[in-house]
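Chemist: Here you go, sequence then predicted model.
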Amino acid sequence: MQVKLLGPLQLIEEGVSIEIPGEKLRAITAALALTPGTPVLAADLLDELWGDRLPKTAENSLQSHIARLRRILARQTGRPSTRDLIRTTHSGYVLDVDPEDVDALWFTHTVETASQYVGKDPERAIELLSAAFAAWRGPALLDAGNGMTCRIAYARLEETKLIGRELFIAAQLKRGRHQQVIPELEQLLTQHPLRERFGEQLMTALYRSGRQADAISVYRRVQHNLSAELGIDPGPGMQRKLKEVLQQEENLLR
């Protein structure tokens, strides 16, 4: 079974999409899918579903939700029983699927793999990252509730996606595609004005395109945003990039 979390929750069994009705059932499914094969404590699922508003009947309600989820999966997959898919342990529950079949985990692994290729095989990195980005269908865990587990996973996935964009652009710059990445970098820096890595990459792309003054302007823009929002100056990376641009160092062209 495939579990898709990079957008609305979607389960796919042998090409057939399975609908999970109800936010609490989707929250349980997502929480279990984030650590497939590993028990999730019942206490953690209770917290995911109700937070600090735990009803007196919460434990019984959780068991009822698990039973209902099993029935839905059994009915829509045609399996006589799905206790092997959602197993009960002495302290919680396990979703028994392959981590490679959970798109959020596959995405994270693919970005990590691509990072190893940026320097030695940028085209391979671009290929891997393009496939990883294509897996997204909307905001991660879009309809899986607002529990702590899903909120943390959402933040982690969004950060990994940004790291992936940085790697993708780094690979493009390695291939000499500096002019092509300028529009995307301008957009990314507008969306994430405090993210210095995008600023460094944009400075490099602009400088390589013969736009030294614009590259310096990017530094000033990020410097202003950091000062206004956080009261700090750009870090060593951006300061080093500014020095390279001002001194027209040859390594900027490589």
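Modeler: Sure thing, it's come through. Numbering: from 1, shown residues only.
Chemist: and the next element down the chain from the helix or strand encompassing Ala170?
Modeler: For Ala170, the element it lies in under DSSP states H and E is helix 148-174. On the C-terminal side of helix 148-174, the closest following helix or strand by DSSP H and E is helix 178-191.
Chemist: now the angle from that next one to helix 148-174?
Modeler: If you take axes from the mean of the first three to the mean of the last three Cα atoms, to 10 degrees, helix 178-191 sits at 150 degrees to helix 148-174.
Chemist: so how far is helix 178-191 from its chain's centroid?
Modeler: Centroid separation for helix 178-191 versus its chain: 20 Å, with Cα atoms, centre = their mean, to the nearest Å.
Chemist: Would you mark the buried spots in that helix?
Modeler: Within helix 178-191, the residues scored as buried using 16 or more other Cβ atoms under 10 Å are 178, 181-182, 184-185, 188-189. Yep, even glycine has a C-beta here, placed from its N, CA and C like the rest.
Chemist: next one: stretch 164-177
Modeler: Neighbour counts over stretch 164-177 (16+ other Cβ under 10 Å) mark 164-174, 177 as buried.
Chemist: same check, this time on stretch 111-124
Modeler: Residues 111, 114-115, 117-118, 122 are the ones in stretch 111-124 that count as buried (16+ other Cβ under 10 Å).
Chemist: Same check on stretch 244-254?
Modeler: Going by neighbour count (16+ other Cβ under 10 Å), the buried part of stretch 244-254 is 244-245, 252.
Chemist: how about the buried residues of stretch 164-177 in CSV, adding pLDDT and distance to Gln2?
Modeler: CSV is the format used below for these (pLDDT from 0 to 100; distance: Cβ to Cβ, whole Å):
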residue, pLDDT, distance to Gln2
Gly164, 98, 21
Arg165, 98, 25
Glu166, 98, 28
Leu167, 98, 25
Phe168, 98, 24
Ile169, 98, 29
Ala170, 98, 30
Ala171, 98, 28
Gln172, 98, 30
Leu173, 97, 34
Lys174, 96, 33
Arg177, 96, 33
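Chemist: out of those residues, who's nearest Val222?
Modeler: Closest approach to Val222 among the buried residues of stretch 164-177 (Cβ to Cβ): Glu166, at 14.6 Å.
Chemist: For the nearest residue to that closest one once chain neighbours are set aside, give its distance to Gln247.
Modeler: Of all residues not flanking Glu166 in the chain, Arg197 sits nearest, at 5.1 Å (Cβ to Cβ, 6 or more residues apart in numbering). Separation of Arg197 from Gln247 (Cβ to Cβ, to the nearest Å): 21 Å.
Chemist: repeat for Ala228
Modeler: Ala228 is 28 Å from Gln247, where distance means Cβ to Cβ.
Chemist: Among the buried residues of stretch 244-254, which are located in helices?
Modeler: Using DSSP state H, the members of those that fall within helices are 244-245.
Chemist: export the buried residues of stretch 244-254 to a markdown table and tack on distance to Ala205 and pLDDT?
Modeler: Shown next, in a markdown table, are these (distance: Cβ to Cβ, whole Å; pLDDT from 0 to 100):
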| residue | distance to Ala205 | pLDDT |
| --- | --- | --- |
| Glu244 | 13 | 96 |
| Val245 | 11 | 96 |
| Leu252 | 10 | 89 |
